[in-house]
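with the input below, show me the fold.
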Amino acid sequence: MRNFSESLSSLSRRSKISLQIGLDMTSIALSFMAAMLFRLESLFFLGRSEVWLTLLVTVVATLVTLQISGLYRALVRYLTSRILATVAKGAVVAGVVLYAAGLYFGANLPRSVPIIFGMFVFISVGGLRFVVRYYFRRPLRGGKQPVLVYGAGEAGLQLLNALVHGREYAPVGLVDDNPNLQGMAVGGLRVFPPGQLPRLVEQTGAQVVLLAIPSIGRARRREIVSQMAELQLEIKTIPGMADIISGKAKISELRVVSAEDLLGRDPVAPDAELIRENIEGKVVMVSGAGGSIGSELCRQIITQKPEALILYDVSEYALYATGLELTETATRMKYKLRIVPILGSVQQVRRLEKTIKSFDVQTIYHAAAYKHVPLVEENVIEGIRNNVFGTQAIAAAARKAGVESFIMISTDKAVRPTNVMGASKRLAELICQAYAQEPGGTVFSMVRFGNVLGSSGSVIPRFRAQIEAGGPITVTHKDINRYFMTIPEAAQLVIQAGAMGKGGDVFILDMGEPVKILDLAMSMVRLHGLTPYIAEHPDQIAPEKGDIPVCVTGLRKGEKLYEELLIGNDPSPTRHPRIMTANEVSLPMAELTAVLERLFAACERFDVPAILGILHELPLDYVPTSDVISDLLWGEAGAILTQPQAVGDVLG
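Coordinates of the predicted model:
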């Protein structure tokens, strides 16, 4: 049969149509004979010429009707039930023409024969095609991986049809939590309740579940995935409804369910007025535009119809890639705006001033920063220069040029920091707060939030790479937790928070509940259909316990066990349910400037202990996890120490 199917497939399109017409002609003739035999129970009518004339006219009329209806344009391999309507038209015409021709030629046909004949035509012509379709598709089933589809709605049915035509998966069952669908057949498969999953897995051998519920929220998705946690199934999903509707993705584009799909909450619809307040019709500048947060800010900014978007970044490739992507998007979506890539560091005051003045920038989103905790801990000078003095430079340039709004992207690590990166970001907040107290037209505000899913340096891409490499996954502490939010939601909230700024505001984004990193690692392994297990050390791997070991390696330099978003405990609500504002300690500009001058001088001298000492002096609540200086160049800089020592020993 396989050779027969391949032989049919190799025929030209014209030959295939001719073959179909020949088979339909035979089917119609046999249907007439069967109808007459069924009614008269004899074959004596075969000897009458008027009967054959009637049949001839009927066959021709039926074939012409089927041709006009488009039956012969349809590919048999991809037929759906919709083709039955076309066949039904032909069957009705066949019955009517048989009756009329019989009267015209005097064939004296029984009155019930045209009705029986029409039914036989419908069954034979339509049924033949579905039989052929079955044999065309059957060879593709060999070697396919059996899968269960979770979701028996419209999306599930579309996915079933896509899988049938594909060569990778063979659907063997449907699962849905809707009681009205359970027990019914959809697309030829029975729908089972979720409680039957273990039995279905055992009976069918399926090791993959495909989620076909594109409009589902994260909370419900977490519930479904947790139900399958112990079954060691690989869970894949179709794209979200928004991507399907917009044409960005097809329903057949399956991917593994990721941690990003499960973490965080279902986002709140953005406030349209807040989203466009600082953007629509204005010249907007984003520092760090090539970074994960900066680039997402840019993507959302261009949808709000700014007059121009200035991309400012020190990374040549990041700037090029982001600029190219935004330009292509703007062209495709017919956005009318100018996209300007400017290569430069936020530490270059004159370049910043020139950029802001040249394009009459009205809104600045300051996302440029070094944010990797261990790296900044080992490169203190550059971390301070970029995060602190870079913020001072761009804030000063914004105020000098009369920029309307300046929004700084901060971090939860600025709250009671235990590392230089967090302390530098809190000091950057103090700079913005001080500028907000000065007379001038620029509104300075800050937005503080936790980790964003998929950002550069995020733990999730690292875990994913470790899983793909076969493990082990490394977690720094069993109890460490973090707040998580998706990049698009974080960027949306940043834009909305900035629109509510009055001057000196420290906005706090509602990050939901913190996530235990160890639990996150275990969940990611299970999502790949593998079994995780705890190994106290990478040298203690025991394959008999599972597939992927999860090892606890100890906290890294400057790393906190728990992150916070507030220094005080008095956040105030705003008009947006996910955004709060905090009243944080600030310093007047004169006092802060004097400290910044000392800090800058210490950077110039490469005096790391002096820098750390100044951070201790400021109202940052800076409490490092260790007194040991971790800067990699400190002992090589010709300074007092030649080996890392305690800060207290140096400061005396």
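
list the contacts of Met580.
Phe507, Ile508, Asp510, Pro571, Ser572, Pro573, Thr574 (C-beta atoms under 8 Å, 6 or more residues apart in numbering). For the C-beta atoms, the positions are set from N, CA and C on the backbone; glycine is no exception.

distance of the residue nearest to the third one when sequence neighbours are not counted relative to Leu274?
Which is Asp510. Nearest residue to Asp510 in three dimensions, chain neighbours excluded: Arg578, at 4.4 Å (C-beta to C-beta, 6 or more residues apart in numbering). From Arg578 over to Leu274 the distance is 11 Å, taken as C-beta to C-beta, to the nearest Å.

where exactly do the helices run in the stretch 451-600 of the chain?
For the stretch 451-600 of the chain, the helices defined by DSSP state H, counting those that start in this stretch occupy 459-468, 487-499, 517-527, 589-605.

and if you look at the stretch 251-400 of the chain?
According to DSSP H, counting those that start in this stretch, the helices that the stretch 251-400 of the chain contains are 259-262, 272-277, 292-302, 316-333, 349-358, 373-378, 380-384, 390-401.

adding distance to Gly205 and mean pLDDT, write those out as TSV.
Shown next, in TSV, are the helices of the stretch 251-400 of the chain (distance: least, C-beta to C-beta, whole Å; pLDDT from 0 to 100):
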stretch	distance to Gly205	mean pLDDT
helix 259-262	26	68
helix 272-277	49	90
helix 292-302	40	94
helix 316-333	42	94
helix 349-358	61	96
helix 373-378	45	92
helix 380-384	54	96
helix 390-401	58	96
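
identify whichever of those lies nearest to Gly90.
helix 316-333 (44.1 Å; C-beta to C-beta).

buried set for the closest one?
Ala318, Leu319, Thr322, Gly323, Leu326, Ala330 (16 or more other C-beta atoms under 10 Å).

give me the neighbour count for Leu46.
11 (other C-beta atoms under 10 Å).

name the SS class of it, please.
Secondary structure, DSSP: H, G, I helix; E, B strand; the rest coil: Leu46 is helix.

and if you look at Ile216?
If you use three-state DSSP, then Ile216 falls in the coil class.

what about it, distance to His528?
On the measure of C-beta to C-beta, Ile216 and His528 end up 20 Å apart.

what distance do you get for the closest residue in space to Met500 that isn't next to it in sequence to Gly205?
Nearest residue to Met500, sequence neighbours excluded (C-beta to C-beta, 6+ apart): Thr574, at 5.6 Å. Thr574 sits 54 Å away from Gly205, going by C-beta to C-beta.

now for this structure, the helix or strand with the poorest mean pLDDT.
helix 647-651 (a mean of 36; mean pLDDT, DSSP states H and E).

list just the nearest of the contacts of Met580 to Glu377.
Nearest to Glu377 among the contacts of Met580 is Ile508, at 25.0 Å by C-beta to C-beta.

for Val415, see how far away the closest one is.
Separation of Ile508 from Val415 (C-beta to C-beta) stands at 9 Å.

then Glu296?
23 Å.

what does Gly183 give?
As defined by C-beta to C-beta, Gly183 lies at a distance of 54 Å from Val415.

and stretch 212-232, how far from the chain's centre?
Relative to its chain's centre, stretch 212-232 lies at 15 Å (C-alpha atoms, centre = their mean, to the nearest Å).

also stretch 332-342?
With C-alpha atoms, centre = their mean, you get 24 Å for stretch 332-342.

and the contacts of it?
Under the contact criterion C-beta under 8 Å, 6+ apart, stretch 332-342 has outside partners 289, 302-303, 305-313, 319-320, 322-323, 326-327, 329-330, 351, 355, 359.

what do you get if the cut-off is 6 Å, keeping everything else the same?
Residues from elsewhere that reach stretch 332-342 (C-beta atoms under 6 Å, 6 or more residues apart in numbering): Ile302, Pro306, Ala308, Leu309, Ile310, Leu311, Tyr312, Leu319, Gly323, Leu326, Thr327, Thr355.

over to stretch 401-410?
Residues outside stretch 401-410 that contact it (C-beta under 6 Å, 6+ apart) are 278, 293, 356-357, 361-367, 398, 425, 429, 432, 441-446, 448, 498.

buried residues, it. List them.
Under the neighbour-count criterion of 16+ other C-beta under 10 Å, stretch 401-410 has Ala401, Val403, Ser405, Phe406, Ile407, Met408, Ile409, Ser410 buried.

could you do stretch 100-116 as well?
So stretch 100-116, judged by 16+ other C-beta under 10 Å, has buried residues Ala101, Gly102, Phe105, Ala107, Leu109, Val113, Pro114, Ile116.
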